[in-house]
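Chemist: Below is the sequence, then the predicted model.
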Amino acid sequence: MSAASLSVDPAAPHVPVMLAEVLRALAPRDGARIIDGTFGAGGYTRAILAEADCSVLAIDRDINAINAGAALVDASAGRLRLAHGTFSDLEDLAGNAGWDGVDGIVLDIGVSSMQLDQAERGFSFQNDGPLDMRMGQDGANAADAVNTLSETDLANVIFRYGEERKSRIIAKRIVEARQRAPFVRTKPLADLIADTVGRRQKDTIHPATRTFQALRIFVNRELHELADALFAAERILREGGRLVIVAFHSLEDRIVKRFFADRTRTTAGGSRHLPQEAVAPATFTQTRRGTVLPDEAEARQNPRARSARLRFAIRTGEAARDSDAALLGLADFPENPFSRERVQ
């Protein structure tokens, strides 16, 4: 199978964000084993397979994405496996594939363009649809959260995950309205929020944007899933393996930044009066600190790319450290209390 036959079509409706930068950071090579933890429409996976004679394990929690990838599996001459699950389970999924270590992991964090474009998935209020927002289509949905969380918990979710300053009044109005009739679709909720918050002529985003973002992140445990995935990546990457993360929101990027800062650090903070303390050996190194941004041309052509931030690091040969979500700043973010079966 030639590399050209697996190349990314620039005219495709879902061109992956920062593809060139991802490939440079990931540096695929012949014989490598690479995990694409957010398969989506297969843009990164297709490009990775075209870049080198490597093998890819592609993961997605959306069964629609897995089913749509069958043709790419057929075209890959045995170099691609698809796995239905969450990227937080990448260690177990790699084990199921017979992989005891990997040479690269890439994660494109957040909701996919395909999901946003499907009104029936309930991620967007631009077109009315069911109040769903589940990436994996399993377990409790956004309507469950809106209709059952207490006013205090709902306000906390909207404030923490959406960074919405008017979270308290929004939660109050939602609770009042749901007593008359439960929320089941996106438009009534968006309209209520717009009426509550108000919209000034100079506003560039819809008043419901932050609340919908908060519900989506909360329902899908996105920040906690990301934290779990980072720790799993540390355990499964071989020495010299690369971890590449593309984030689109400050909440996600902050977690990745804290993880890399902690895992590349070799001394604890001190002062001029006290000597610095040694910490566990660094499990990652960075050839470039800070973020890699999309080039101006891509940012102009693709609105989704404008907020993209790429960070990457290279695994050392040191033993993985203990997982500690607290160091990533997750203590202030409420966990989804709804029980659901994790996708296996």
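Modeler: Perfect, thanks for sending it.
Chemist: So the protein: which segments form each domain?
Modeler: Here the domain parsing of the chain from automatic domain parsing is 4-113+222-332, 137-219.
Chemist: mind putting the ones you listed in TSV, mean neighbour count included?
Modeler: In short, each C-beta sits where N, CA and C put it, glycine included. As requested, the domains of the chain are exported to TSV (neighbours: other CB atoms under 10 Å):
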stretch	mean neighbour count
domain 4-113+222-332	18
domain 137-219	18
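Chemist: I'd like these as JSON lines, with distance to Pro130 appended.
Modeler: Converted to JSON lines, those look like this (distance: least, CB to CB, whole Å):
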{"stretch": "domain 4-113+222-332", "distance to Pro130": "15"}
{"stretch": "domain 137-219", "distance to Pro130": "6"}
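Chemist: Tell me which of these sits nearest to Gly129.
Modeler: Closest to Gly129 of the domains of the chain is domain 137-219 (CB to CB; 5.3 Å).
Chemist: What mean pLDDT does the closest one get?
Modeler: Domain 137-219 carries an average pLDDT of 92.
Chemist: Determine how far it lies from the middle of the whole chain.
Modeler: 21 Å (CA atoms, centre = their mean, to the nearest Å).
Chemist: Now do the contacts for the residue nearest to the spatial centre of the chain.
Modeler: The centroid of the chain falls nearest to Ile109 when counting by CA atoms, centre = their mean (2.2 Å). The contact partners of Ile109, by CB atoms under 8 Å, 6 or more residues apart in numbering, come to 38, 222, 226, 245-249, 252.
Chemist: I'd like these as TSV, with pLDDT appended.
Modeler: Output for those, formatted as TSV (pLDDT from 0 to 100):
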residue	pLDDT
Thr38	94
Glu222	92
Leu226	96
Ile245	98
Val246	96
Ala247	95
Phe248	91
His249	89
Glu252	94
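Chemist: Those in strands, which ones?
Modeler: Taking DSSP state E as the definition of strands, the contacts of Ile109 contribute 245-247.
Chemist: out of the contacts of Ile109, who's nearest Arg199?
Modeler: For these, the closest approach to Arg199 (CB to CB) belongs to His249, at 21.9 Å.
Chemist: Pull up the gap between that closest one and Arg216, please.
Modeler: Distance of His249 to Arg216, computed by CB to CB, to the nearest Å: 11 Å.
Chemist: Return the list of helices and strands in contact with the helix or strand hosting Phe218.
Modeler: Assigned by DSSP states H and E, Phe218 belongs to helix 209-219. Packing contacts for helix 209-219, counted by 3 or more CB pairs under 8 Å, 6 or more residues apart in numbering; DSSP states H and E, involve helix 142-148, helix 151-162, helix 186-197.
Chemist: what's the angle from that helix to helix 151-162?
Modeler: For helix 209-219 and helix 151-162, the angle between their directions (axes from the mean of the first three to the mean of the last three CA atoms, to 10 degrees) works out to 100 degrees.
Chemist: sorry, back to before: I'd like to know which of the helices and strands packed on helix 209-219 is closest to Thr209.
Modeler: Comparing the helices and strands packed on helix 209-219 by CB to CB, helix 151-162 comes nearest, at 8.2 Å.
Chemist: can you list contacts of that closest one?
Modeler: 145-146, 149, 164-165, 167-168, 170-172, 174-175, 210-215, 217-218, 223, 251, 332-334.
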